[in-house]
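**Q** The following comprises the amino acid sequence and a computationally predicted model.
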4 protein chains.
Amino acid sequence: MLSFVNDYSEGAHEKILKELLKTNMEALGGYGSDRYCESAKQKIRKACACKDADIYFFVGGTQTNQVVIDSMLKRYEGVIAAESGHIHVHEAGAVEFTGHKVLDLPQEDGKLSSSVLERYLQTFYQDENHDHMVFPGMVYISHPTEYGTLYTKQELEELSGVCNQYQIPLYLDGARLGYGLASADTDVTLPDIAKYCDVFYIGGTKVGALCGEAVVFTKNNTPKHFVTIIKQHGALLAKGRLLGIQFDVLFTNNLYIEIAKHAIDMADVLKKALEEKGYHFYIKSPTNQIFIILEDQQMERLQKNVAFSFWEKYDETHTIIRLATSWATDKTAVDALISVL
Amino acid sequence: MLSFVNDYSEGAHEKILKELLKTNMEALGGYGSDRYCESAKQKIRKACACKDADIYFFVGGTQTNQVVIDSMLKRYEGVIAAESGHIHVHEAGAVEFTGHKVLDLPQEDGKLSSSVLERYLQTFYQDENHDHMVFPGMVYISHPTEYGTLYTKQELEELSGVCNQYQIPLYLDGARLGYGLASADTDVTLPDIAKYCDVFYIGGTKVGALCGEAVVFTKNNTPKHFVTIIKQHGALLAKGRLLGIQFDVLFTNNLYIEIAKHAIDMADVLKKALEEKGYHFYIKSPTNQIFIILEDQQMERLQKNVAFSFWEKYDETHTIIRLATSWATDKTAVDALISVL
Amino acid sequence: MLSFVNDYSEGAHEKILKELLKTNMEALGGYGSDRYCESAKQKIRKACACKDADIYFFVGGTQTNQVVIDSMLKRYEGVIAAESGHIHVHEAGAVEFTGHKVLDLPQEDGKLSSSVLERYLQTFYQDENHDHMVFPGMVYISHPTEYGTLYTKQELEELSGVCNQYQIPLYLDGARLGYGLASADTDVTLPDIAKYCDVFYIGGTKVGALCGEAVVFTKNNTPKHFVTIIKQHGALLAKGRLLGIQFDVLFTNNLYIEIAKHAIDMADVLKKALEEKGYHFYIKSPTNQIFIILEDQQMERLQKNVAFSFWEKYDETHTIIRLATSWATDKTAVDALISVL
Amino acid sequence: MLSFVNDYSEGAHEKILKELLKTNMEALGGYGSDRYCESAKQKIRKACACKDADIYFFVGGTQTNQVVIDSMLKRYEGVIAAESGHIHVHEAGAVEFTGHKVLDLPQEDGKLSSSVLERYLQTFYQDENHDHMVFPGMVYISHPTEYGTLYTKQELEELSGVCNQYQIPLYLDGARLGYGLASADTDVTLPDIAKYCDVFYIGGTKVGALCGEAVVFTKNNTPKHFVTIIKQHGALLAKGRLLGIQFDVLFTNNLYIEIAKHAIDMADVLKKALEEKGYHFYIKSPTNQIFIILEDQQMERLQKNVAFSFWEKYDETHTIIRLATSWATDKTAVDALISVL
């Protein structure tokens, strides 16, 4: 069975496991107070070209979104997201669980445009009844998006501009950030993200770690007593070393980008083959997720040899499926998939 | 200044005030345990032709929606509503505050159709990832809707059918229920509502009371320890008599429907005059809310003599406004408004 | 049956009902924007000798406590209260429902002492693990307390001093404030309360109103967008006039204190008779609540003619009961009770 | 520096790391659907002698407590705990964050007695006002307790009896369960715990794992849609394998108990030495936590060579400290500590 079902099927990059082994019997402080967390933070600050960045490690993406959003919103505020945003669709209402509404806006290719955002904010403040409405208190975007697409630097700058104008923070969910940064079709760097976003996270779980996401506050804007807030949400890891060591390795010698680049290379080989064979793409994604439209019978045949994700029905007789490559994808598996197609 | 701004501008129907005076010095049990609450419940049961109905009184509509929805949903469930639903737009996120998502679906004339609902539920359960999504746990409709429109008996029956099929309760927000029942253009009666809905509320605040909404559970489905839940939400009124007496009066000699009928009559006079004068209606409402499209200059002139509600911008040069009649609307005010128009 | 069961058994003072009648057909703005609310606020500011006081009206006490506490606490904070505090014992967990812990401290005669408070705060900040604990973010006291007792001016000053030192607000629950202010055994005035407390509420429900509590923020410290927060909690009354008119009447010509004084007078007559007849007091209360210890058989006999509250078992054969007078207590009822005793 | 500060200072038992390495490149299903989770569950079922046990893996203890308690309580219920219980004191209000009160009862040696529990429940249901109180909906105990003490089999049976009588579940927090089971001074086995508790968790973080706690529902009582609830709380780990593999290793060849036994042995050596040297024990703990009372100067001297936990001030001149051994404690470190003492 060839596995292209997602980018979190394997364990961790071997360098991570080696470092976990090497440091295993050191007695270290708990809850993120250890020297590996500190080292990882320094390396991330450097990679972000943001020397004042304040960094915290979390175990998973939904947890990260929940804690960051809840702690940055005031209680009468909600978070704006594209209607396709992960927090709106696939996190089981984790944001609402903390008492905040997700204010969903129309998306295009999975992205929220600054013009759609601006129009919404203008209309909200013009409405004389807005005291009876949820105040927009944050903008959430994902990069890459749930469709594998990417914001351009100009788009980020414009979103940031609207957010600044209305004084609400811009938050970027980087669950797959590595694959975005490693794409050939992007002009966005990690320092750009640190510049335009008020807070974002660098995803580890889907880019080579066993678990782990690194939240970066870029504007001296960490919520007060953030450690207590994390604990209150049940999200404080006792052995913080597990996260610190992983990010320390990922941000040593550019490993995070290099392993993401491998996933992009594998996706490119696959996309080229799909194009040549005349497959229809549902969306043009420059990252590690490939969305194609299959006849249902064709899909059923493919299922016998390949694990992939159903995305949604396209029409009565066609279905959209997703093939994902990752840091762990083997070239021989890609070749095998191509010969099956 | 002529007041057509809403249907809760005046105090209460005089019969209510008289009864409050008359019973004032009786020492009664608190928290809804008094005999006026009991009498009102009996009269409502009779009016609903639902002898097992379990009834609770609340002070206001948002409070009622919050407590009913939160107490009937399981914690992993959200509530389905039309995107124009009051709980989705104008209750400051009171539902999300209790941890539940509002799952908004497209509306037509303010209504949720059974076909839109069914398609949503089908798709949800077909999605293999639905374990990571908010489960649909209730359907919320308003009747009259926020646009003053009404469901037909058949539409209610169909919605109820879909809800039964998926075993989720149908909840009807009747903030303006009297105006719906008193409309000439409806085939829906209070017993119909009790039959098709699992729970609904009869609005008092907008139909002649100082405050108060009567929640009716129709299927022996009151949440366990509901009084404690009400208390926990800060919604238990110490002097429950205030609500009991009001509903006792409103449901004596058909007063609730009669005073609502007056509002409908006044609205009909107004609508006829508007039509004759060539005004454009934004939506055809058979109840006490009238939505018309005005040129902005025309609107500014009208504002000098008449209080009304801005609804929303129609286009660059036009605005939708709302004129509301009520149980308290004076015929001379209607005539005066017509002469101003 | 003689009713001494509580102080919210009757409706409202007749002057309130008359004013409700008189103003009934005026068309007024909703949600507290009417002129009666404004007038009541001015009168309360004057009575408090606090010209910058910001005032909001709520329907009931638990609701008031829930909204004030939740809106003033940061999300990692809890509220300190005496273990006998109403929010800790008899509000069905309404504070916890909003996500905040009640941090209970030992009480004496229902009161929280400044020394107990200070020791707790000192210990908290000395604890090196306090990042894993709920931060104390507010101090809640009730005045009169749940046992009818009163803080002295010096005790309030000392509590306020400790709160200032630790920069946490002091909140006073004045559900029965009138009875405290009207007591002969107090040196605390309304301006004292406004001076020492950061926020407090003046109870109406138990002192002559149909419903209603007036929250007073005394230090320019109203939470931002407080109206939206109230709405979000389901606590915003549409016809705010109902509350505004009541408090406007209560704060005209000192009515609030005068009717409370009547309750105190009635309680004094009763206490004197109880003393003379050799009854045992559980606690010495200078307000309208009287706690006496009865033999169980004695209690059962009394129950036949008098409605009162069971408080708690005193020992195997005795029970503590509460007799409450109020603004509505009739002298003939007091005399009748005395002759029964 | 000798480390006796806690039992989660080192990484994981080497067998766990080896297995993580060995299985690293297998493509496995996410969110706990992999075969290692399944294997671990089978082994735990067997160790518990509870073939119907339903098992879920979590990352940490506070998270586990939060999700289990919130999902098993109805919304009007709170959880009973000893006043020294971890959820009441050191989890930053994580339970209250989900809307539920912790109902704290007096403890003895960190334990909740069945008589204290029963008296509380009796009194609650006798109170005629209990509709305005938080209903007791679960009993939380920790075993070992926060003081390292253990319940006897009879005590568990009695607690279970009271819980059954009042139909509320008994939940056991086993963060350090291994150390309890491996103690020489216990008659409680894992099957006993499965028999008497409705739900409990087996702690991994403090007993040899990098992270991880295994929740065991023993009475076919898993909350409906529990996976969605976990996701909603931000607690669902994408690479569930990380937890499954660790527990699979820990429950192979009795490893969990064996490594816990080592901690007990080291603690026994230490306790014996402390006794011989005349140290005063604050409490007699039969597990891996040792509480001793030191003069403050003595403590300061010890601090130079040994890392330990401050517990609390004993009196003006003495302090209680905690020394903890663990699966990772080296005999040479114990010997070194003894020579320092």
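**A** Thanks, I have it. Numbers count the residues shown, from 1 in each chain, chains lettered A, B, ... in the order given.
**Q** Could you use CA atoms for every contact and neighbour count after this?
**A** OK.
**Q** send the alpha carbons of stretch A:120-140 over as PDB?
**A** The C-alpha coordinates for stretch A:120-140 follow below in PDB (Å, rounded to 0.1, in the frame of the first residue of the first chain):
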ATOM      1  CA  TYR A 120     -16.400  43.300   6.700                       C
ATOM      2  CA  LEU A 121     -14.800  45.500   9.300                       C
ATOM      3  CA  GLN A 122     -16.100  48.700   7.700                       C
ATOM      4  CA  THR A 123     -19.700  47.300   7.700                       C
ATOM      5  CA  PHE A 124     -19.400  46.100  11.200                       C
ATOM      6  CA  TYR A 125     -18.400  49.500  12.600                       C
ATOM      7  CA  GLN A 126     -21.000  51.300  10.500                       C
ATOM      8  CA  ASP A 127     -23.800  49.100  11.900                       C
ATOM      9  CA  GLU A 128     -25.500  51.000  14.700                       C
ATOM     10  CA  ASN A 129     -26.400  47.700  16.300                       C
ATOM     11  CA  HIS A 130     -22.900  46.500  16.600                       C
ATOM     12  CA  ASP A 131     -23.000  46.600  20.400                       C
ATOM     13  CA  HIS A 132     -25.200  43.500  20.100                       C
ATOM     14  CA  MET A 133     -22.800  41.700  17.800                       C
ATOM     15  CA  VAL A 134     -19.500  39.800  18.300                       C
ATOM     16  CA  PHE A 135     -16.600  42.300  17.900                       C
ATOM     17  CA  PRO A 136     -13.900  41.200  15.500                       C
ATOM     18  CA  GLY A 137     -10.900  40.800  17.700                       C
ATOM     19  CA  MET A 138      -8.300  38.900  15.600                       C
ATOM     20  CA  VAL A 139      -7.700  37.700  12.000                       C
ATOM     21  CA  TYR A 140      -6.800  34.000  11.500                       C
END
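**Q** which helices and strands does whichever helix or strand A:Q63 is part of pack with?
**A** Remark: A:Q63 resides in helix A:61-72, with elements defined by DSSP states H and E. Contact here means 3 or more CA pairs under 8 Å, 6 or more residues apart in numbering or on different chains; DSSP states H and E; on that basis helix A:61-72 packs against helix A:94-97, strand A:213-217, helix A:226-232.
**Q** list the contacts for the nearest residue to A:T222 once chain neighbours are set aside?
**A** What sits nearest to A:T222 in space, not counting adjacent residues and going by CA to CA, 6 or more residues apart in numbering or on different chains, is A:D54, at 7.0 Å. Contacts here follow CA atoms under 8 Å, 6 or more residues apart in numbering or on different chains; on that basis A:D54 touches A:41, A:216-218, A:220, A:222.
**Q** pLDDT value on A:D54, please?
**A** On pLDDT, A:D54 comes in at 98.
**Q** coming back round to it: and the helices and strands packed on helix A:61-72, which is most packed in?
**A** helix A:94-97 (a mean of 29; mean count of other CA atoms under 10 Å in any protein chain shown).
**Q** Does that one reach chain B?
**A** Yes: under the criterion of CA under 8 Å from any CA of the partner chain, chain B is reached by helix A:94-97 at A:96-97.
**Q** What residues does the stretch 1-150 of chain A have near chain B?
**A** The stretch 1-150 of chain A comes close to chain B at residues A:76, A:89-93, A:96-101, A:127, A:129-135, as judged by CA under 8 Å from any CA.
**Q** picking up where we left off before, now flag whichever of the contacts of A:D54 is closest to chain B.
**A** Taking CA to the nearest CA as the measure, chain B lies nearest A:T222 of these, at 23.5 Å.
**Q** Helix, strand or coil: sort out the closest one for me.
**A** Under DSSP: H, G, I helix; E, B strand; the rest coil, A:T222 falls in the coil class.
**Q** returning to what we had before: would you mind marking which of the residues of the stretch 1-150 of chain A next to chain B are also close to chain D?
**A** Restricting these to those near chain D - CA under 8 Å from any CA - leaves A:91-93, A:97.
**Q** Scan these and report the most crowded one.
**A** Looking at these with neighbours defined as other CA atoms under 10 Å in any protein chain shown, the largest count falls to A:G93 at 36 neighbours.
**Q** Three-state assignment for A:Q246, please.
**A** Remark: A:Q246 carries the secondary structure label helix [criterion: three-state DSSP].
**Q** Starting from A:G208, give me the distance back to it.
**A** With distances defined as CA to CA, to the nearest Å, the gap from A:Q246 to A:G208 amounts to 9 Å.
**Q** related to what we said a few turns ago, in helices only, show me the residues of the stretch 1-150 of chain A next to chain B.
**A** Within the residues of the stretch 1-150 of chain A next to chain B, residues falling in helices by DSSP state H are A:89, A:96-97.
**Q** Show the end-to-end separation of stretch A:16-36, please.
**A** Across its full length, stretch A:16-36 reaches 12 Å end to end, with CA to CA as the criterion.
**Q** next one: stretch A:219-226
**A** Stretch A:219-226 has its terminal residues 15 Å apart, counting by CA to CA.
**Q** what's next to that stretch, contact-wise?
**A** In this structure, residues lying in contact with stretch A:219-226 by CA under 8 Å, 6+ apart are A:52-54, A:71-72, A:198-199, C:76, C:131.
**Q** re the thing from before, would you reformat the ones in helices among the residues of the stretch 1-150 of chain A next to chain B as a markdown table and include pLDDT?
**A** Putting these into a markdown table (pLDDT from 0 to 100) gives the following:
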| residue | pLDDT |
| --- | --- |
| A:V89 | 97 |
| A:E96 | 98 |
| A:F97 | 98 |
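**Q** sorry, back to before: highest neighbour count among the contacts of stretch A:219-226?
**A** Per-residue neighbour counts (other CA under 10 Å) across the contacts of stretch A:219-226 peak at C:Y76, which has 30 neighbours.
**Q** what about that one, distance to A:V134?
**A** When CA to CA is applied, the distance between C:Y76 and A:V134 equals 22 Å.
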